[in-house]
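>>> make a model of this:
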Amino acid sequence: MGDRQPILPGRGTSDYARYLRTDELLALQKSPSEMTSRDELLFQTVHQSAELWMKLACFELEEATGLVTRQDLPPALRLIRRAITCVLYITDQLHILEQMSPWEYHDVRKSLGHGSGFDSPGFNQIGESTPHLAVAFQRVLEARDLDLATLYRRGREFEDLYQLAELLVEWDERIILFRSHHLKVIERIIGGHVIGTQGTPVEVLAERVDHRFFPELWKVRDELTRIADEEKS
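The predicted model follows:
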């Protein structure tokens, strides 16, 4: 079998543990003796893993933005797809929180202080990174002397740019769906007409669900339908 002693520097009894820093990673959650509720491990696991996926999503999105700026679209498409997959994962895993008892969750809530999703570094970074991608996309349109309606009507002539536009819509849609699922999980656990841990009414979250980073890509659908209707008449 050969010598299996670790050769990488760092803590851990194996190179797997040292490379992934599993000792540090698994020490980031409260120990049983520190927990006010056994559901704290569930709560921390969901939110800590979500921060990692959002970190990866932003990493990919920011590199994709640089590629779009340089009009190197094929590798940008691959990175944006990765980012979208990250958001799909964090949306799906939200629903395990619904397996907490609404009453017993309040034991977890006592440990949160003023902690709130509004303070999520990952989600806040998504909000900061995505507008740069919108600017890069608009500049590519301008460089190719295209408006969105023309791009969509002649998509086969500009396949790479069309695919980029559709991925941006999908990114927007997945973020909207994440907000929507997050809101419903909150309503299911603490209610829809209460004050959150940071003193913000849950209704404020509902007002923000449908925020769009690429509004023009949504509006062009209306324009295309009007054009199609006019051509039929």
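
>>> so which residue is smack in the middle of the chain?
Closest to where the C-alpha atoms of the chain average out (Cα atoms, centre = their mean) is Val87, at 3.9 Å.

>>> helix or strand with the lowest mean pLDDT in the chain?
helix 202-208 (a mean of 87; mean pLDDT, DSSP states H and E).

>>> neighbours around the nearest residue to the residue nearest to the centre of the chain once chain neighbours are set aside, how many?
Closest residue to Val87 apart from its sequence neighbours, by Cβ to Cβ, 6 or more residues apart in numbering: Arg174 at 4.4 Å. Every C-beta, even on glycine, is put in place using the N, C-alpha and C of the backbone. By the measure other Cβ atoms under 10 Å, the count of residues near Arg174 is 19.

>>> before we move on, what about Ile189?
18.

>>> that one against Leu97, yeah?
Yes - if you go by Cβ atoms under 8 Å, Ile189 and Leu97 touch, sitting 6.7 Å apart.

>>> can you pull out the strands in the chain?
Taking DSSP state E, the chain contains no strands at all.

>>> in it, where is pLDDT below threshold?
1-2 (pLDDT under 70).

>>> if we use 90, what do you get?
1-4, 110, 113-118, 155, 192-193, 195-207, 232-233 (pLDDT under 90).

>>> mind listing the helices for it?
Using DSSP state H, the helices found in the chain span residues 15-20, 22-26, 39-69, 73-94, 105-109, 121-143, 148-153, 159-190, 202-208, 215-232.

>>> format those as TSV; extra columns: distance to Gly196.
Below are those laid out as TSV (distance: least, Cβ to Cβ, whole Å):
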stretch	distance to Gly196
helix 15-20	34
helix 22-26	28
helix 39-69	14
helix 73-94	16
helix 105-109	10
helix 121-143	15
helix 148-153	37
helix 159-190	8
helix 202-208	6
helix 215-232	27
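
>>> contacting residues for Gln99?
Leu42 (Cβ atoms under 8 Å, 6 or more residues apart in numbering).

>>> and it, how close does it get to Tyr105?
11 Å (Cβ to Cβ, to the nearest Å).

>>> what does Leu141 give?
Leu141 is 47 Å from Tyr105, by Cβ to Cβ.

>>> ok, and the closest non-adjacent residue to Trp53?
Cys86 (4.4 Å).

>>> what about that neighbour, how many residues nearby?
24.

>>> wait, it touches Leu56, no?
Yes - applying Cβ under 8 Å, one finds Cys86 in contact with Leu56, separated by 5.4 Å.

>>> thinking again about what came up before, ok, the residue nearest to the centre of the chain - contacts?
Trp53, Met54, Ala57, Trp171, Arg174, Ile175, Phe178 are the contacts of Val87 under Cβ under 8 Å, 6+ apart.
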